[in-house]
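Participant: Give the three-dimensional model of this entry:
(2 chains)
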Amino acid sequence: MKYVDEYRDPELIKATAREITALVEKSGRLFRIMEVCGGHTHSIYRFGLEQLLPPAIELIHGPGCPVCILPMERVDEGMAIAADKRVILTAYGDMMRVPGHQGSALQLKARGLDIRMVYSPLDALKLAQINPEREVVFFAIGFETTAPATALTVLKARELGLTNFTAFVNHVTVIPPMRAVLDDPKLQLDGFIGPGHVATVIGASSYEEIVRDYKKPVIVSGFEPLDIMQSILMLLRQLSAGEARLENQYSRVVPFAANPVASQVLAEVFELRDSFEWRGLGSIANSAVKLREAFSQYDAEVRFAHLLAAYHRQFELSSGPSTAAHEAPCGDVLKGLMKPKSCPFFGKECSPENPVGALMVSSEGACAAYYNYARDKQTVITNGN
Amino acid sequence: MCLAIPGKIESFVDAEERMAVADISGVKRQVSVDLLRREDETLKVGDWVLIHVGFAMSKISESQAKEQLEILTMLGEAQKAMEEIQDLEVC
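Facilitator: Numbers count the residues shown, from 1 in each chain, chains lettered A, B, ... in the order given. Next up is the predicted model:
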């Protein structure tokens, strides 16, 4: 199918790269561009796009990978809940290997906790239905892409009258961390490649506030190699012309407006937390959601408050074990202040098989992407072309 | 989890058409189509959708579906997604 192949056509990609190089040479300056989404990071490394770009363009890998930004304390809290013998803890596959202080969900499962991987929160709901004597807890993570799924599942639990289903909500929102990196004086960014799929929920228009408040261009981008190259070119054209606008390169999938049903469901079920701790970025105001009080019977943080309080008492007493994960500079990598390969743990103590930090866990984490593709420069686009 | 996988709507499960059976690369599984209940857009059998964690998030064209499946395959995500989808049959 011609339509599809175009997005991977090496000639088109190289032609775009030439245009980018020409613009960069003409401007004679450096460009620092952040791709927020881990899916874009994965694609950039997979297709070796960095090698096609002139050195004056620096791609900074942003905080758009939900498992990568989840602090260890939240993992620990989930495991503290799972330690209750009545509990079946359910989580997405990506969550299973994220290290907490006591180990990852996978390691704790091997030690006897009942932790199960699910593809969808609806699978967790099904588990609750067929195990009425157990407490089924769903470890909910993700940006606005997965938050509506959790919200609808909670609504369904209420509709079914289930009393043994709760969600441990760790949903975050995409705009506040973009503001946080722009507010960081150490990080001078010129513009963003905006996440694509999350915008099918929040709409491309959500990024307008970044353009308005910070005068930085945002290009909502697809995931194909040509999509990303085109988005970089669109950014450079704006920057060269001294403009800062929102453009939607991915309009074949992403609408300008938010999905109205998703917005309504999110507003009904969730409310903003005052603040939420992001691994590497620290506490960010209004950057995450929790269940509204009307849904407190489905809130694992309410139902298992005693277990969480016990965990925190213990954690404070021991002030947390000192582990490699504490010393690893994941935060600097997340903020783009350090490249994955510059980390002293990279490829040594920390690898996708034995991740020390979460950036090495998910294929969307910058370290895992770099480890899997960029080390030996295996790429599709540049090989043999 | 963050990259959507395309599926084709095969049938609706309930009278209200809130759950559907989708064909995801040959694997049939139930997905919620709650988020696509919009006045300006009716979903029907044969339509392609982008699916996130068991929920259809947006309607797409067949060529977009193919494009998305290919990019997932190239990123090594398609196999992972399919394994996760299949896993649920056991639980």
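Participant: For the chain, give the helix that spans the most residues.
Facilitator: As the question left the chain open, I've gone with chain A. Scanning chain A for the longest helix, with DSSP state H as the assignment, gives helix A:10-27.
Participant: To clarify, I was referring to chain B.
Facilitator: Under DSSP H, chain B gives helix B:62-74 as its longest helix.
Participant: Note down every partner strand of the longest strand seen in chain B and its orientation.
Facilitator: The single longest strand within chain B, with elements called by DSSP state E, is strand B:5-12. If you go by DSSP bridges, strand B:5-12 pairs up with strand B:19-24 (antiparallel), strand B:48-52 (antiparallel).
Participant: Tell me which of the ones you listed is the most buried.
Facilitator: The highest mean neighbour count among those, using mean count of other Cβ atoms under 10 Å in any protein chain shown, belongs to strand B:48-52: a mean of 24. (Each C-beta comes from the backbone N, C-alpha and C, glycine too.)
Participant: Phi and psi next, for A:Gly100.
Facilitator: phi -110, psi -180 (degrees, to the nearest 10).
Participant: For it, which residues count as its bridge partners?
Facilitator: Residues in a beta bridge with A:Gly100, per DSSP bridges, are A:Gly103.
Participant: you'd agree A:Val137 is up against A:Ile81?
Facilitator: Yes: checked against Cβ atoms under 8 Å, the pair A:Val137 and A:Ile81 is within contact range at 5.6 Å.
Participant: Overlap of the contact sets of these two?
Facilitator: By Cβ atoms under 8 Å, 6 or more residues apart in numbering or on different chains, A:Val137 and A:Ile81 have these common neighbours: A:87, A:89, A:168, A:300, A:304.
Participant: Which of the helices or strands spans the second one?
Facilitator: Yep, that's A:Leu89 we're talking about. strand A:87-91 (DSSP states H and E).
Participant: Listing partners with orientation, what would you give for that strand?
Facilitator: Applying DSSP bridges, strand A:87-91 is found paired with strand A:115-117 (parallel), strand A:135-142 (parallel).
Participant: distance between the last one and the chain's centre?
Facilitator: It stands for strand A:135-142. Put simply, strand A:135-142 sits 17 Å off its chain's centre (Cα atoms, centre = their mean, to the nearest Å).
Participant: following that strand, which helix or strand shows up next?
Facilitator: Counting by DSSP H and E, the next helix or strand C-terminal to strand A:135-142 is helix A:147-160.
Participant: what angle do that next one and strand A:135-142 make?
Facilitator: 160 degrees (axes from the mean of the first three to the mean of the last three Cα atoms, to 10 degrees).
Participant: Could you list the buried residues of helix A:147-160?
Facilitator: A:147-157 (16 or more other Cβ atoms under 10 Å in any protein chain shown).
Participant: list the buried ones in the very next helix or strand once past that helix?
Facilitator: Using DSSP H and E, the next helix or strand after helix A:147-160 towards the C-terminus is strand A:165-171. Under the neighbour-count criterion of 16+ other Cβ under 10 Å, strand A:165-171 has A:165-171 buried.
Participant: Turn the strands paired with strand A:87-91 into a markdown table, including mean pLDDT and mean neighbour count.
Facilitator: As requested, these are arranged in a markdown table below (pLDDT from 0 to 100; neighbours: other Cβ atoms under 10 Å in any protein chain shown):
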| stretch | mean pLDDT | mean neighbour count |
| --- | --- | --- |
| strand A:115-117 | 96 | 21 |
| strand A:135-142 | 97 | 27 |
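Participant: So which of those is nearest A:Phe295?
Facilitator: Ranking the strands paired with strand A:87-91 by their distance to A:Phe295 (criterion: Cβ to Cβ) puts strand A:135-142 first, at 12.4 Å.
Participant: on that earlier part again, of the buried residues of strand A:165-171, closest to A:Pro225?
Facilitator: Using Cβ to Cβ, the buried residues of strand A:165-171 come closest to A:Pro225 at A:His171, 30.1 Å.
Participant: okay but that closest one is in contact with A:Phe143, surely?
Facilitator: Yes: between A:His171 and A:Phe143 a contact is recorded at 7.3 Å, counting by Cβ under 8 Å.
Participant: Let me know the helix or strand that A:Gly276 is in.
Facilitator: Check again: residue A:276 is Phe, not Gly. Counting by DSSP H and E, A:Phe276 is found in strand A:275-278.
Participant: Quick check: neighbours of that strand in the sheet, parallel or antiparallel?
Facilitator: Using DSSP bridges, the strands paired with strand A:275-278 are strand A:282-285 (antiparallel).
Participant: Could I get the buried residue list for the partner strand?
Facilitator: Buried residues in strand A:282-285, defined by neighbour count with 16+ other Cβ under 10 Å: A:Ile284.
Participant: Could I get the average pLDDT for that strand?
Facilitator: Strand A:282-285 comes out with an average pLDDT of 92.
Participant: and residue 43, helix, strand or coil?
Facilitator: All of this is about chain A. Three-state call for A:Ser43 (DSSP: H, G, I helix; E, B strand; the rest coil): helix.
Participant: sorry, should have said chain B
Facilitator: Once three-state DSSP is applied, B:Leu43 turns out coil.
Participant: Chain neighbours aside, what residue packs nearest to it?
Facilitator: In space, and not counting its chain neighbours, B:Leu43 is closest to B:Leu36: 5.0 Å by Cβ to Cβ, 6 or more residues apart in numbering or on different chains.
Participant: returning to that earlier point: what residues of the strand holding A:Phe276 count as buried?
Facilitator: Using 16+ other Cβ under 10 Å as the test for burial, strand A:275-278 gives A:276-278.
Participant: Among those residues, which one sits closest to A:Pro10?
Facilitator: A:Trp278 (37.5 Å).
Participant: how about the closest residue to A:Thr200 other than its chain neighbours, what does it touch?
Facilitator: Of all residues not flanking A:Thr200 in the chain, B:Ser58 sits nearest, at 4.6 Å (Cβ to Cβ, 6+ apart). Applying Cβ under 8 Å, 6+ apart, we find B:Ser58 in contact with A:200, A:253, A:255, A:259, B:36, B:49-50.
Participant: Also A:Ser240?
Facilitator: With Cβ under 8 Å, 6+ apart, A:Ser240 has these contacts: A:23, A:26-27.
Participant: Same question for A:Tyr370.
Facilitator: A:45, A:339-341, A:346.
Participant: Adding neighbour count and distance to chain B, write those out as a markdown table.
Facilitator: As requested, the contacts of A:Tyr370 are exported to a markdown table (neighbours: other Cβ atoms under 10 Å in any protein chain shown; distance: Cβ to the nearest Cβ, whole Å):
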| residue | neighbour count | distance to chain B |
| --- | --- | --- |
| A:Tyr45 | 26 | 10 |
| A:Lys339 | 17 | 21 |
| A:Pro340 | 25 | 18 |
| A:Lys341 | 13 | 21 |
| A:Phe346 | 24 | 20 |
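Participant: circling back to that earlier point, tabulate the buried residues of strand A:165-171 (TSV), appending distance to chain B and pLDDT.
Facilitator: Below are the buried residues of strand A:165-171 laid out as TSV (distance: Cβ to the nearest Cβ, whole Å; pLDDT from 0 to 100):
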residue	distance to chain B	pLDDT
A:Phe165	14	98
A:Thr166	18	98
A:Ala167	13	98
A:Phe168	15	98
A:Val169	14	98
A:Asn170	13	97
A:His171	12	97
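Participant: Please consider this matter closed, and thank you.
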